[in-house]
Every structure is written in structure tokens, then in C-alpha cells.
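In: Structure, please.
(one chain, ligands or ions: 1)
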Amino acid sequence: MKVALVSAEAYPFSKTGGLGDVVGALFKEFIKAGIDVSLFLPLYRITKDKFFNYTLNADIVYGVPVGSNTLFGAVRIAHVSVDSDDNLIFEPSKKGNLFFIEHNNFFDRDELYGTNYGEYLDNAERFVFFSRAFLEICKIMNLKFDIIHCHDWHTALIPLYLRTFYRECSCFERTKTVFTVHNLGYQGIFPREKLEVTGFGQEMFHIDGLEFYGMVNFLKGGLFNADIITTVSPTYAKEILTPEYGAGLDGVLRKRKENLIGIINGIDYKIWNPEEDPFIVQKYGLQNIHDKQKNKENLIALTGIKSSVQEPLIGFIGRMVYQKGIDIIVEAVPKLIKEGISFVFEGSGESYYEHKIKELQSMYPSQIFTFIGFDEALAHKIYAGADSLLIPSRYEPCGLSQLIAMRYGTIPICRKTGGLSDTVEDNITGFLFNEYTSDALINAVYRFIETYHNKPKLFQMISEAMKRDFSWRSSSKKYIELYEVLIGER
Ligand code: ADP
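Out: Predicted structure coming up:
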């Protein structure tokens, strides 16, 4: 079985959030399972800086129509394997399994999707280029995949292109498509004028095509045309069929209900392992949970907060955007501060939310530390050093931070939604609350604090959380089974 994963990001080559983690982990798990898998990514500046020397130019040139222009691109290839220690090994190769689509005008930029001031204005062009470049590369290099697995709106037009412009292409005769929605909040919505960029004319501008309230919606291409749609948790798969969580697409999704399934994400146990984590000062595991405390001491020292190690320290790591519940955090924190709780926040996103969180630090500098930005090493230190992690999301397709927190014995306090309710067991491995209000969040934190002062129960919960298996093994198996069913091997 030949499988292509096509994504706008995959760790360690590029990552802004969960999408990168998930696609990177799937690639690695499939290699380990002996699947003939290829990964297609844009060659971003950050990718070039780290991985260019591991790649070779495939020496092919292809042209991609983007609106009225034909744009030319290149592709660089590497071969990736996984050693017995679970490390990725790279070799430059022209017959590899890692394909970087190169077009410097679009991808050689500081950021993946945009800056603090907003998304790049040519994102429609950039990801039409990427999607069509992938298809052109398959044609030119005669790559015949049984499964093309696309991820999120950036690649959602591929299943539509396969049913239209590429329908007659022998290369895709037997190809089945899987489209994964990692987050329905991001749909690739553009002004109507951008329809031309996709290569389609007005015939596609209708409710069963790409039209969405007078705009163009790339995600609809994937939702209508993929053979199977998956999303990243069983609960989210049900939630998105409702107007509350459907982000305007619940009607479309209800039409495809029979072909929609939820497969929970895992985390990479090589990267997220407190027993081996190179970023933390004191490694620890189930056998020596008490050693976690040294990471707390280090985090306190590092952040300069004035809290004592005996007092509870709560972390937040994530994108500072509407989805993540920052507004109820901002409302709740002044009350919680009075209880002697300290906070470490790490994240970046919309400047409004970044500003709100920074304001908290200036109000309570001895109890709050804020880092605005993306720092993998600091994230590891917070997962290991905090007692608890806040995840009060409005909605959460799966969520990885609660899984990482549990692996590090850091008790997650989460809103009961999507993947959070599929993975965290209330009062056993974490604390869940229902209502999206700061009061409900505060009550959940109080429940945690009560447990924090009841050491036998706290250690019971920590070890219960650390014992749960959130490795990719079982989730990647489910994808493989799905592929096999699709191509008729099951
Ligand atoms: P989402 O995909 O919605 O951003 P997830 O919980 O699924 O959220 O995944 C977030 C991932 O990104 C986790 O690995 C988390 O540790 C990481 N992350 C988010 N923000 C930051 C940041 N500012 N610095 C470092 N890592 C971050």
C-alpha cells in the first residue's frame, strides 16, 4: 500500500501547532509499521535552514496554473528512516519518501501563514500552488498512491482537483482520498475574487461547490469530495454535526455523516518523555515522581516568580486565540491569585489576547510569568515543572497539551469538550468543567487545589495520569485499518 501524506506542516520540519505534531507523528509511525509512505510539505525558510543539506534536487520542473499565471516550482527530496532508538535518520536521495515543494516566492518567508498583523494576503495562491504542485509532481514522477491523505484546508482542494482536472489521469486511477479536519475553525475562506486562483470558474460557486456565504471556502472541497473524512476525536466528530460546533459547515458534514469518523490523536513518546527529556533539569518517571519537584524549582527560578515550591503552580501553553478560552482565564486569574496560586503562560496568537495575558503579568508580577512567543524548550520545562495545566477551550478537536501534561504527571484542568472529554477522566486523571464561564473554570481550579493539598490523592491522580497510554501506536493502527478498508484489502 502506497500512502501520501500532504500537509502544510509536519514536525520536525515545520510546526505551528497540533497539525504539525500529528502529521509528523503519523509519518514516523507509518514508516515504523512498514507502510510505503511519502510526506509532501512546503519548503519553508525554517525548513530550509534546518534540513536543506539532507535533501537533493529532484531535477524536475513543473508548471502550476494559479489564476491566470503559470508558476514554476522545484522539489527537493530526502529519504527518512527510523532507527531502533526511535530517531529519524535522513539521507539525501532522489528516490526518497520526503518531498519538499519549493517555490521561494511563496514559502521562503519568516512565518508559515502570516505575521502578527494578520494572515499573508496570498495564502489562497500559496496553497493552491502547493496542492496543484503535489498533483503535478505525482504525474511527472509517476507516483501512484493508493491513498492520498490530505490535512486541513491548505490541502482540501486536492480531493476536488482529483475529481475534476485530474479525473482522466491514469496516475490516480485507483487512488482513494482521506481528508482530516484538525480544526473546523480554520476553513480557508477567501473573497469571491479568489475563486479564479483555484482554476475553477463560476460553475463551482454554489452551495454544493466552494461557495460559502458569498465567499470561497477551500475546506468544502475536501468535505464534499474526499472518500472518507476523519477528525481527531470521536466526540468532536459528533459535535461538528451540530450548529454550535459546526462553524457553518454542520449541514455539509451531516450530508457526509456516513463517511465521517473520529480517530483520537496520540503524542510522540520519544519527544514527550519525562524520563529522557533533554530540555528538563531533572528526569523522572512513575518510579520517582517526587523528582518532578526539581523541575518546579527550576521553573520558578527561571521565570523569576516569587512563589514557594509548596504553593500550586499552574501552566498554560497554547495559541492565544478565541478558541483557547483566554477570555475566561483573564477573568478567573485575579480571583485565583488571591488563593496563592502562581501562573506561567506561554503562547502567541492574536495580539488582543497576547495583550490581555501580558497585562496580568504586569498586575501580578510576583505570581505570573508570561512568555509571548514559540519556544519548544520552555514548553517542555512548563509541562515538567507545573503542577497543573489549564485548557479551558471553547472547543477542542483533540488537544495535545492535555495528553502531554498527563504524560508529565501535570494535572490537566479542561473544559469538557471534544478530545478533552475523550481523554481526561474527571477526578481520576484531571478535572473537567462544562459551562464556558470563568466561574466554572474557577470551581474546577478549586477542585484541583483541594486535591493538591491532599497529597495521597494527588499522587494517586498523578500516577494514574502518567500510566495512561497516549502513544501513537493504537491511533496510527486505526488509520492503517481505514486505508485498508478503503482500498478493499479488508
Ligand atoms: P492546537 O493544534 O489547537 O494549537 P494542540 O493542543 O492540539 O493545539 O497542540 C498544540 C501543540 O503546540 C502542543 O504540542 C503544544 O505544546 C505546542 N505549542 C503551542 N503553543 C506553543 C508555544 N507558544 N511554544 C511552544 N509550544 C507550543
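
In: what about the closest residue to the ligand within the stretch 151-300 of the chain, how many neighbours?
Out: Here the stretch 151-300 of the chain gets closest to the ligand at one residue, Asn183, 5.9 Å apart by C-beta to the nearest ligand atom. (C-beta placed from N, C-alpha, C; glycine too.) For Asn183, the count of nearby residues is 21 (other C-beta atoms under 10 Å).

In: Tell me who's in contact with Asn427.
Out: 447, 461 (C-beta atoms under 8 Å, 6 or more residues apart in numbering).

In: The ligand contacts on the stretch 151-300 of the chain?
Out: With C-beta under 6 Å from any ligand atom as the criterion, the stretch 151-300 of the chain comes near the ligand at residues Asn183.

In: For the stretch 151-300 of the chain, give me the ranges with low pLDDT.
Out: Within the stretch 151-300 of the chain, no stretch falls below the threshold (pLDDT under 70).

In: would you list every one of the helices in the stretch 1-150 of the chain?
Out: Taking DSSP state H, counting those that start in this stretch, the helices of the stretch 1-150 of the chain run over residues 18-32, 45-51, 104-107, 123-140.

In: So which elements touch the longest one?
Out: Okay, so that is helix 123-140. Taking 3 or more C-beta pairs under 8 Å, 6 or more residues apart in numbering; DSSP states H and E as contact, the helices and strands that helix 123-140 lies on are strand 2-6, strand 36-42, strand 62-66, strand 69-82, strand 98-102, helix 104-107, helix 157-163, helix 195-198.

In: Give me the buried stretch members for the longest one, please.
Out: If I follow you right, that is strand 69-82. Buried residues in strand 69-82, defined by neighbour count with 16 or more other C-beta atoms under 10 Å: 71, 73-80, 82.

In: What is the nearest of the residues you listed to Gly188?
Out: Distance to Gly188 across those (C-beta to C-beta) is lowest for Leu71, with 18.7 Å.

In: which residues touch that closest one?
Out: Counting by C-beta under 8 Å, 6+ apart, Leu71 makes contact with 63-65, 103, 105, 129.

In: Neighbour-wise, which one of these leads?
Out: Phe129 (24 neighbours).

In: Tell me, how many residues neighbour the closest residue to Asp268 other than its chain neighbours?
Out: Spatial nearest neighbour of Asp268, chain neighbours left out: Ala25 (4.8 Å); criterion: C-beta to C-beta, 6 or more residues apart in numbering. Other residues lying near Ala25 total 24 when counted by other C-beta under 10 Å.

In: thought Ala25 was touching Ile267?
Out: Yes. Under the criterion of C-beta atoms under 8 Å, Ala25 makes contact with Ile267 at 7.3 Å.

In: shared neighbours, the two?
Out: By C-beta under 8 Å, 6+ apart, the residues touching both Ala25 and Ile267 are Trp472.

In: Turn the helices of the stretch 1-150 of the chain into TSV, including distance to Glu346.
Out: What follows is these, written out as TSV (distance: least, C-beta to C-beta, whole Å):
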stretch	distance to Glu346
helix 18-32	15
helix 45-51	19
helix 104-107	27
helix 123-140	26
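
In: Can you check which of the ones you listed gets nearest to His453?
Out: helix 18-32 (33.0 Å).

In: buried stuff in the closest one?
Out: 18-31.

In: Which neighbouring elements make contact with that helix?
Out: With 3+ C-beta pairs under 8 Å, 6+ apart as the test, helix 18-32 has strand 2-6, strand 36-42, strand 69-82, strand 147-151, helix 472-486 packed against it.

In: These: which one's closest to Leu241?
Out: The nearest among the helices and strands packed on helix 18-32, by C-beta to C-beta, is helix 472-486 at 19.3 Å.

In: just checking, what packs against that closest one?
Out: For helix 472-486, the packing partners by 3+ C-beta pairs under 8 Å, 6+ apart are helix 18-32, strand 147-151, strand 176-181, strand 228-231.

In: the inter-axis angle of that helix versus strand 176-181?
Out: 140 degrees (axes from the mean of the first three to the mean of the last three C-alpha atoms, to 10 degrees).

In: contacts for helix 472-486?
Out: 1, 3, 25-26, 28-30, 33, 35, 146-147, 149, 176, 178, 227-228, 230, 261, 263-269, 490.

In: Give me the pLDDT for the residue nearest the centre of the chain.
Out: The residue lying closest to the centre of the chain (C-alpha atoms, centre = their mean) is Gly18, at 1.6 Å. Listed pLDDT for Gly18 reads 86.

In: Beta-bridge partners for Gly73, please?
Out: Tyr62 (DSSP bridges).

In: Which pLDDT value belongs to it?
Out: We have a pLDDT of 98 for Gly73.

In: That one: what's it in contact with?
Out: Counting by C-beta under 8 Å, 6+ apart, Gly73 makes contact with 61-62, 64, 101-103, 129, 133.

In: separation between it and the ligand?
Out: 28 Å (C-beta to the nearest ligand atom, to the nearest Å).

In: and the stretch 301-450 of the chain, which residues reach the ligand?
Out: 317-319, 346-348, 374-376, 379, 398-401.

In: And the furthest pair within the residues you listed?
Out: Largest separation among those by C-beta to C-beta: Asp375 and Cys398, giving 22.6 Å.

In: list the contacts for Ile140?
Out: Applying C-beta under 8 Å, 6+ apart, we find Ile140 in contact with 60, 62.

In: Can you verify Ser393 is assigned to a helix?
Out: No. Using DSSP: H, G, I helix; E, B strand; the rest coil, the secondary structure at Ser393 is coil, not a helix.

In: Could you give the number of residues near it?
Out: Quick note: Ser393 (other C-beta under 10 Å) scores 25 neighbours.

In: How about the one 10 residues further on?
Out: Neighbours of Leu403 under the rule other C-beta under 10 Å: 25.

In: Nearest spatial neighbour of it, chain-adjacent residues omitted?
Out: Distance criterion C-beta to C-beta, 6+ apart; nearest residue to Leu403, sequence neighbours excluded, is Phe470 at 4.3 Å.

In: Might one say that the one you found is in contact with Tyr408?
Out: No. At 11.5 Å, Phe470 does not count as touching Tyr408 under the criterion of C-beta under 8 Å.
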